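Trainee: sequence below, structure please.
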Amino acid sequence: MLDTALDQTQLYALAFLLGSFAVAALSDLKRMSAQREFLDVWLLVVVALFAYDLYLFYQGADWQLAAVKWVLILAISIATHQWTGLLFSLARADVVACAAVAALLSPILIIVFYIVLKVLDLLMRPFLKTIGRGDAYPFIPVFLVGTAATAAVVVWAIPWLLAVF
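Mentor: Residues are numbered from 1 along each chain as shown. Reported below is the predicted structural model:
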């Protein structure tokens with residue numbers, strides 16, 4: 001559960017998601033909406049990673065870790081959706097984008113990721129609201145920066161901290 005390392009496949013998947021977030025963020029900034037195809041791709045990533053975790057379970061992997069991970073993703077996804085508004089008030093595509101990144105992470109990194117997103121949301125919201133309409137503002141740019149920041153923490157900061165301490 002405290003594993004903070006990502007293997008090479010997870011890093012490639014994270015790079016793929018970062019690329020899709022970059023393109024979707026441009027669309028979101030221009031039109032306050034990303035194309036439907038992005039939602040489909042992100043949903044496919046979530047389903048594929050869930051299926052992969054099920055496969056690992058059937059191969060003898062730790063089912064408790066996978067259960068904690070997916071319950072955490074489900075609970076936070078519900079808390080971030082616009083009809084609950086507990087953590088964020090996100091549209092469905094934004095929730096799925098978040099879940100796609102979270103599905104690549106361990107439970108501890110999922111919590112770090114959402115904390116990073118919350119901090120970045122608070123910092124970026126004033127600027128993004130100038131682009132948005134009413135209370136709505138483009139949130140995918142926050143995902144883009146938050147995913148890149150989380151990747152940087154995982155790839156550089158955590159190994160450095162572990163080496164120092």
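Trainee: excluding chain neighbours, what is closest to residue 23?
Mentor: residue 38 (7.7 Å; C-beta to C-beta, 6 or more residues apart in numbering). Using the backbone N, CA and C atoms, a C-beta is placed for each residue, glycine as well.
Trainee: I'd assumed residue 93 was in contact with that neighbour.
Mentor: Yes: between residue 38 and residue 93 there is a contact at 6.5 Å, judged by C-beta atoms under 8 Å.
Trainee: what's the nearest residue to residue 140 if we skip its chain neighbours?
Mentor: Nearest one to residue 140, counting by C-beta to C-beta, 6+ apart, is residue 28 at 4.1 Å.
Trainee: could you pull up the contacting residues of the one you found?
Mentor: 34, 138, 139, 140, 141 (C-beta atoms under 8 Å, 6 or more residues apart in numbering).
Trainee: run a quick neighbour tally on residue 82.
Mentor: 13 (other C-beta atoms under 10 Å).
Trainee: how close does the residue nearest to it when sequence neighbours are not counted sit to residue 42?
Mentor: Once flanking residues are discounted, residue 82 sits nearest to residue 89: 4.6 Å by C-beta to C-beta, 6+ apart. Distance, residue 89 to residue 42, by C-beta to C-beta, to the nearest Å: 19 Å.
Trainee: compare these two (neighbour count), which wins?
Mentor: Between residue 89 and residue 42, residue 42 has the larger neighbour count (other C-beta under 10 Å), namely 26 against 15.
Trainee: what residues are up against residue 17?
Mentor: 42, 45, 97, 100, 101, 104, 147.
Trainee: now do 10 Å
Mentor: 24, 41-42, 45, 97, 100-101, 103-104, 143-144, 147, 151 (C-beta atoms under 10 Å, 6 or more residues apart in numbering).
Trainee: that one is in what secondary structure piece?
Mentor: In this structure, residue 17 is located in helix 8-31 according to DSSP states H and E.
Trainee: the helix or strand that that helix is followed by: how far from the chain's middle?
Mentor: The element immediately downstream of helix 8-31 (helix or strand, assigned by DSSP H and E) is helix 36-58. Distance of helix 36-58 from the chain centroid (C-alpha atoms, centre = their mean, to the nearest Å) equals 13 Å.
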